[in-house]
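In: The sequence isn't on hand, but the structure is:
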């Protein structure tokens, strides 16, 4: 819990590669601590545009809002070996491919708690395309 004893969600790390080659691939990672709250969803944004949402309590846990600047790798991680799972999208980890120059800029992770608190934490990191 936070020092005040209140429930919250806190992002501990946003990992985005500093540089990616045009047409290349990258893994984006968002790690958090729930500090008493229950996680409702994780969202990834490129700039201000949401492109990935993970909601574990939903029937359709992963939603992709396909940006034109990259592709999200949605290979079903349940049928892969544990080694390959690390390279696919699941939870706070997103694997992107076919990166274009327009993908350069901030990538933003947002983690939201379930009610009644609905706390939200966010952080970002910048990616350069070369």
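Out: Perfect, thanks for sending it. All values derive from a computational prediction rather than experimental measurement.

In: residues near the nearest residue to residue 18 once chain neighbours are set aside, how many?
Out: In space, and not counting its chain neighbours, residue 18 is closest to residue 128: 6.3 Å by C-beta to C-beta, 6 or more residues apart in numbering. (C-beta placed from N, C-alpha, C; glycine too.) By other C-beta atoms under 10 Å, 12 other residues sit near residue 128.

In: Quick one: list the elements packing against the host helix or strand of residue 128.
Out: If you go by DSSP states H and E, residue 128 is part of strand 120-129. Using 3 or more C-beta pairs under 8 Å, 6 or more residues apart in numbering; DSSP states H and E as the contact definition, the elements that strand 120-129 packs against are strand 10-15, strand 19-20, strand 26-33, strand 105-113.

In: which residues touch residue 9?
Out: 32, 33, 34, 35, 37, 39, 111, 112, 113, 119, 120, 121 (C-beta atoms under 8 Å, 6 or more residues apart in numbering).

In: Across the sheet, point out what pairs with residue 128.
Out: Beta-bridge partners of residue 128, counted by DSSP bridges, are residue 19.
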